[in-house]
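**Q** below are the sequence and a predicted model; questions follow.
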Amino acid sequence: MTLYCLGIEGTAHSFGAGIVTSEGKVLSNEWDMLKPAQGGIHPREASRHHSELGPGLIKDSVQKAGIHFKDINLVAFSRGPGLGPCLRTTATIARTLSLKLAVPLVDVNHCVAHIEIGCLESRFNDPVTVYVSGGNTQVIAFAGGRFRTFGETLDIAIGNMLDVLARELGMPFPGGPIVEREAKKGSNFYDLPYSVKGMDLSYSGMLTAAKKLHSEGVSISDICYSVQETSFGMLAEIAERAIAHTKKNELLLTGGVARNNRLTEILSGVAKRHEATFHRVSPSLAGDQGAMIAWNGILQYKSGRRIKVEDSHVLPKWRTDDQDILWR
């Protein structure tokens, strides 16, 4: 029997709703991102965005999937990690639908969902994953019943670093794609702090140094070029170490920053050197969206995990390696 799962994502600036079947077919994947006129994301503004647009996006997702609400077999939601106000709004919507439709509720770890949607698309069984987004930067691999974090940022995530840099350079949000575009025009490389500490890395020093270059009149394209080459090189180093240590033969790139073509090129080279297969998630599945939550919800439901409404409080600091992975 085919199961239809409604996945609801709302950990930060984006709200998404997707319908995925138990066979792994993505039937719909609707989402909308809050774009502030200036500055960064304010959690309460983002939660208001989710509450106002969420119901309509869910309705659109069900219609585009070609099913009815009565056909939905379970509701999955992003329980964490993320911004508290956004998570609470998302969880409230999910609980309401679960009760209204009288179907099970499944709580999903946002980071694990990014990995599993990448595995679904790539057909990878056991990859080393480079997970890069606005809120997370981690190199992850499965071991001992959990997704273990082999290396991660010690301060800000790479996506956040690129967005803050873009704002400093006068670019609108989201800044990452604009930084990538400008970097292609750069030709002069400027030394920036290369902060790899064991298997972890740090981006705050690089951000400060890049801002200083801007104040000294260095061209925006050269700053973007230097930041990309340095920050991506750091990621490649710890990813390569993880592959060498785990002896795994698959390398997966996922998360919103996975859309960056230069990062893809660098990590593809890492995989080639180690005779590993490389895959970057498609752009539609790279950012925060409901399809990944729905697919992870199905995996968890099949393994016996679901949650009572009264126990479904959100977990803003839920780490990737805090969840037992029952389906692997």
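**A** Good, I have the coordinates. Numbers count the residues shown, from 1 in each chain.
**Q** only C-alpha atoms from now on, for both contacts and neighbour counts.
**A** Will do.
**Q** need the pLDDT of V106.
**A** At V106, the model reports a pLDDT of 98.
**Q** can you tell me the element S51 falls in?
**A** helix 43-64 (DSSP states H and E).
**Q** for the helix or strand just after that helix, packing partners?
**A** The first helix or strand that comes after helix 43-64 along the chain, using DSSP H and E, is strand 74-80. Applying 3 or more Cα pairs under 8 Å, 6 or more residues apart in numbering; DSSP states H and E, we find strand 74-80 packed against strand 4-9, helix 84-101, strand 105-109, helix 110-122, helix 290-302.
**Q** give the buried residues for the last one.
**A** When neighbours are counted by 16 or more other Cα atoms under 10 Å, the buried residues of helix 290-302 are found to be G290, A291, M292, I293, A294, W295, N296, G297, I298, L299, Q300, Y301.
**Q** the last one contacts V108, correct?
**A** No - no contact is recorded between Y301 and V108 when judged using Cα atoms under 8 Å, the distance being 10.3 Å.
**Q** now for the helices and strands packed on strand 74-80, which one comes closest to G233?
**A** Nearest of the helices and strands packed on strand 74-80 to G233, taken as Cα to Cα: helix 110-122 at 21.5 Å.
**Q** just the CA atoms of that closest one, as CSV, please.
**A** Output of helix 110-122 as CSV, limited to C-alpha atoms (Å, rounded to 0.1, in the frame of the first residue of the first chain):
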residue,chain,number,x,y,z
HIS,A,110,16.1,19.0,9.8
CYS,A,111,19.7,18.0,9.3
VAL,A,112,19.1,14.3,9.0
ALA,A,113,16.4,15.1,6.4
HIS,A,114,18.9,17.0,4.2
ILE,A,115,21.1,13.9,4.2
GLU,A,116,18.3,11.4,3.5
ILE,A,117,16.8,13.4,0.6
GLY,A,118,20.2,13.5,-0.9
CYS,A,119,20.6,9.7,-0.5
LEU,A,120,17.1,9.2,-2.1
GLU,A,121,18.1,11.2,-5.1
SER,A,122,21.6,9.8,-5.5
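**Q** how far does it sit from the chain's center?
**A** Relative to the centre of its chain, helix 110-122 is centred 9 Å away, using Cα atoms, centre = their mean, to the nearest Å.
**Q** so which elements touch it?
**A** Under the contact rule (3+ Cα pairs under 8 Å, 6+ apart), helix 110-122 is packed against strand 74-80, strand 128-132, strand 250-254, helix 283-286, helix 290-302.
**Q** need these in JSON lines with mean pLDDT and distance to A17, can you?
**A** Output for the helices and strands packed on helix 110-122, formatted as JSON lines (pLDDT from 0 to 100; distance: least, Cα to Cα, whole Å):
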{"stretch": "strand 74-80", "mean pLDDT": "98", "distance to A17": "9"}
{"stretch": "strand 128-132", "mean pLDDT": "98", "distance to A17": "21"}
{"stretch": "strand 250-254", "mean pLDDT": "98", "distance to A17": "19"}
{"stretch": "helix 283-286", "mean pLDDT": "96", "distance to A17": "12"}
{"stretch": "helix 290-302", "mean pLDDT": "98", "distance to A17": "4"}
